[in-house]
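Visitor: With the sequence up front, the predicted model follows.
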Amino acid sequence: MKFGFRKPSLKKRIAARTSLKRVVRHNLGLKAPRGLGWLTNPKKAAYNRVYNRTSRGCMIVLVVLSGFLFSLIMLIFF
């Protein structure tokens, strides 16, 4: 299990959107309703629950850095 900030992968993002398994599930309507991942794949659901509670998105770093740079610019020019 990884902790901390995630590093987005363009390759994995494209692969997830274009997978044959996804196309079949969506076209045939074999998806379970939201929140019922425990029924379809309990091991993956448990992993995802822990991952989502322990990791942070990649945008948080950008927001913190931009706030820091903004405050630095304000100190220099004003």
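Guide: Looks like it came in fine. Here the structure is a predicted model, which is why all the values come from computation and not from measurement.
Visitor: pLDDT weak spots in this structure?
Guide: Applying pLDDT under 70 to the chain flags the ranges 1-2, 57-60.
Visitor: ranges for the strands of it?
Guide: Remark: strands assigned in the chain by DSSP state E are 4-5, 55-56.
Visitor: Of all those, which one is nearest Ala15?
Guide: Smallest distance to Ala15 across the strands of the chain (Cβ to Cβ): 20.0 Å, for strand 55-56. To be clear about C-beta, it is placed using only N, CA and C from the backbone, and glycine gets the same treatment.
Visitor: Please tell me how far Asn41 sits from Tyr47.
Guide: Distance of Asn41 to Tyr47, given as Cβ to Cβ, to the nearest Å: 9 Å.
Visitor: Now that Ser55 has come up, it's in contact with Phe5, right?
Guide: Yes. In this structure, Ser55 is within contact of Phe5 by Cβ atoms under 8 Å, at 7.1 Å.
Visitor: how about the strands of the chain in TSV, adding distance to Met74?
Guide: Output for those, formatted as TSV (distance: least, Cβ to Cβ, whole Å):
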stretch	distance to Met74
strand 4-5	27
strand 55-56	26
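Visitor: Return the distance of the longest helix seen in the chain from the chain's centre.
Guide: Ranked by residue count, the top helix of the chain under DSSP state H comes out as helix 59-77. Put simply, helix 59-77 sits 24 Å off its chain's centre (Cα atoms, centre = their mean, to the nearest Å).
Visitor: do the same with stretch 5-25
Guide: Using Cα atoms, centre = their mean, the offset of stretch 5-25 from its chain centre is 11 Å.
Visitor: what do you get for stretch 46-65?
Guide: 7 Å.
Visitor: Would you mind putting the CA coordinates of it into PDB?
Guide: Listed in PDB are the C-alpha atoms of stretch 46-65, where the atom choice follows Å, rounded to 0.1, in the frame of the first residue of the first chain:
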ATOM      1  CA  ALA A  46     -11.200  -2.900   0.700                       C
ATOM      2  CA  TYR A  47      -8.000  -1.700  -1.000                       C
ATOM      3  CA  ASN A  48      -9.700   1.300  -2.600                       C
ATOM      4  CA  ARG A  49     -11.300   2.300   0.700                       C
ATOM      5  CA  VAL A  50      -7.900   2.400   2.500                       C
ATOM      6  CA  TYR A  51      -6.100   4.000  -0.500                       C
ATOM      7  CA  ASN A  52      -8.700   6.800  -0.800                       C
ATOM      8  CA  ARG A  53      -8.400   7.600   2.900                       C
ATOM      9  CA  THR A  54      -4.600   7.600   3.100                       C
ATOM     10  CA  SER A  55      -3.600   9.300  -0.200                       C
ATOM     11  CA  ARG A  56      -3.900  12.900  -1.400                       C
ATOM     12  CA  GLY A  57      -4.500  14.100  -4.900                       C
ATOM     13  CA  CYS A  58      -1.700  15.600  -7.000                       C
ATOM     14  CA  MET A  59      -3.400  19.000  -7.200                       C
ATOM     15  CA  ILE A  60      -2.800  19.800  -3.500                       C
ATOM     16  CA  VAL A  61       0.900  20.300  -4.200                       C
ATOM     17  CA  LEU A  62       0.100  22.900  -6.900                       C
ATOM     18  CA  VAL A  63      -2.400  24.800  -4.700                       C
ATOM     19  CA  VAL A  64       0.100  25.000  -1.800                       C
ATOM     20  CA  LEU A  65       2.900  26.100  -4.100                       C
END
